[in-house]
Every structure is written in structure tokens, then in C-alpha cells.
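J.: Need the 3D shape of this:
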Amino acid sequence: MNEVQDLEISVCGMTVCVYDAQPLSPPVHTLIMLHGRTSTRHLWLDTMREMQEVGHRTIAVDLPSGAKLRDKGAFMRGLLAALFVTDKPVCVSVSFSSNYVLPLLESDGVRGWVGVSPTTTPPLSVPTLLIYGELDVKARPLCEKILRATPGYKGVICVMVRGVGKLDHDPVMEHAKWTKELKQFLMDL
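T.: Predicted coordinates:
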């Protein structure tokens, strides 16, 4: 297995820190992993290594604060260009970072979306995996609303983690369940 690279890249005039985990063979999928408001890219290290082992390139990004960044779409396109991502990635976002994925979803720029405790309702034109806590007062109703709005669309999968609230601090608290769901979602793409 390749080492996870710790990189600093320039995106839209800002220095952005990322982890980049390349598989040994050409990647099956590229995953862009975005943390929640109170986390950092370090949150994803264990998941990155596990996805790397099964052939996926995984990139975890330290996001700039929202006050510094007005055009999240330009940031995401710049990020993908700076990292030489030429295929449509699968974006994994936690809570508020779903706002960074929204411009890519609207422009058909992603292969799939994994929303962990999502806070926005994007257009669902791509395969989608939504993961939320049973006690999450914001994400649970949002995910249930998305399911009701897309009854005939088989591309939306919702997974509820029982007995927990918002998953933005530690979306991988049930690591085995989380990675099993993520691997299955990626295999089905």
C-alpha cells in the first residue's frame, strides 16, 4: 500500500492542506472527503486507508472557513484541477460541507454523493448515500424528506445509525458499519 501523502496545494489563491492516498493500481473511483465544521481532514485517515486498500484514490481536504470563500464551486473545481482529478469523483461530505458539493452536483460534476448528517437538500441526479444519526434533529427529517421526494428513484440509499445524534464530530463512530455501507455504495456505482 502507498503512503498517504500530506500535501499543501494552491487553490483559488489559498494554501489548502490535503491528504492524498493513491492505490497501487489505477483507481476504481476517486473520493473527495470533506469534514464538518468542527473537524479536520484527520477525521478521514482510517477510512482513507481502508478505501485505498480496495482500489480507490481518496483525498481528504482541510476546508477554508466559509467567511474566506464565497464561490464554493470555483474552489471545488480548482481543487480537482490542482490534484489532477480527471474523472468524476465521489464526494463524501459531513454536515455543512455539503454546501461545497452542491455546485458540483448541479453541474453534473460528480459520480456520486455520500452525505453524512447533511444540512442541505441538493438535486439528486446522481447515486446518493445518506448517513445520519437516529437522534439528529436536522439531518434525520431532511433525509426522510429526500426519501419521500424521490420514491421511484432507486439511486438514494439512507442509512440511520441508531442511538446517536449528529455525526459531524465523528461520522465513523461505527467504523465497521460505515465502511461496509461505503464499500457497497462504491461497488454499485
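J.: For the rest of this, base every contact and every neighbour count on C-alpha atoms.
T.: OK.
J.: chain center to the one helix or strand in the chain whose mean pLDDT sits lowest, what's the gap?
T.: Lowest mean confidence among the helices and strands of the chain (mean pLDDT, DSSP states H and E): helix 139-149, at a mean of 79. Centre-to-centre, helix 139-149 and its host chain are 18 Å apart (Cα atoms, centre = their mean, to the nearest Å).
J.: If you count contacts, what does it end up packed against?
T.: strand 128-133, strand 156-161 (3 or more Cα pairs under 8 Å, 6 or more residues apart in numbering; DSSP states H and E).
J.: Return the member of those strands having the minimum mean pLDDT.
T.: Lowest mean pLDDT within the helices and strands packed on helix 139-149: strand 156-161, a mean of 81.
J.: center of the protein - which residue?
T.: Nearest to the geometric centre of the chain sits residue 92, at 0.8 Å (Cα atoms, centre = their mean).
J.: which residues touch the helix or strand hosting that one?
T.: Secondary structure assigned from DSSP states H and E places residue 92 in strand 90-94. Residues from elsewhere that reach strand 90-94 (Cα atoms under 8 Å, 6 or more residues apart in numbering): 29-36, 101, 110-118, 167-168, 171.
J.: Report the rounded mean pLDDT for it.
T.: Strand 90-94 comes out at a mean pLDDT of 92.
J.: Could you give the bridge partners of the residue nearest to the centre of the chain?
T.: residue 33, residue 114 (DSSP bridges).
J.: re earlier: mind saving the C-alpha coords of the strand holding residue 92 as PDB?
T.: The C-alpha coordinates for strand 90-94 follow below in PDB (Å, rounded to 0.1, in the frame of the first residue of the first chain):
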ATOM      1  CA  VAL A  90     -17.500  10.600  -5.500                       C
ATOM      2  CA  CYS A  91     -17.900  13.400  -2.900                       C
ATOM      3  CA  VAL A  92     -18.200  12.500   0.800                       C
ATOM      4  CA  SER A  93     -19.300  15.400   2.900                       C
ATOM      5  CA  VAL A  94     -20.200  15.900   6.500                       C
END
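J.: which element follows that strand toward the C-terminus?
T.: With elements assigned by DSSP H and E, the helix or strand that comes after strand 90-94 is helix 98-106.
J.: The helix of greatest length in the chain - contacts with which helices or strands?
T.: Ranked by residue count under DSSP state H, the longest helix found in the chain is helix 175-188. On a contact count with 3+ Cα pairs under 8 Å, 6+ apart, helix 175-188 meets helix 45-53.
J.: Direction-wise, compare the helix it packs on with helix 175-188 and give the angle.
T.: 40 degrees (axes from the mean of the first three to the mean of the last three Cα atoms, to 10 degrees).
J.: By neighbour count, which bits of helix 45-53 are buried? Give me those.
T.: Buried residues in helix 45-53, counted by 16 or more other Cα atoms under 10 Å: 45, 47, 48, 49, 51, 52, 53.
J.: go on, stretch 76-93?
T.: Those would be 76, 77, 78, 79, 80, 88, 89, 90, 91, 92, 93, for stretch 76-93 by 16+ other Cα under 10 Å.
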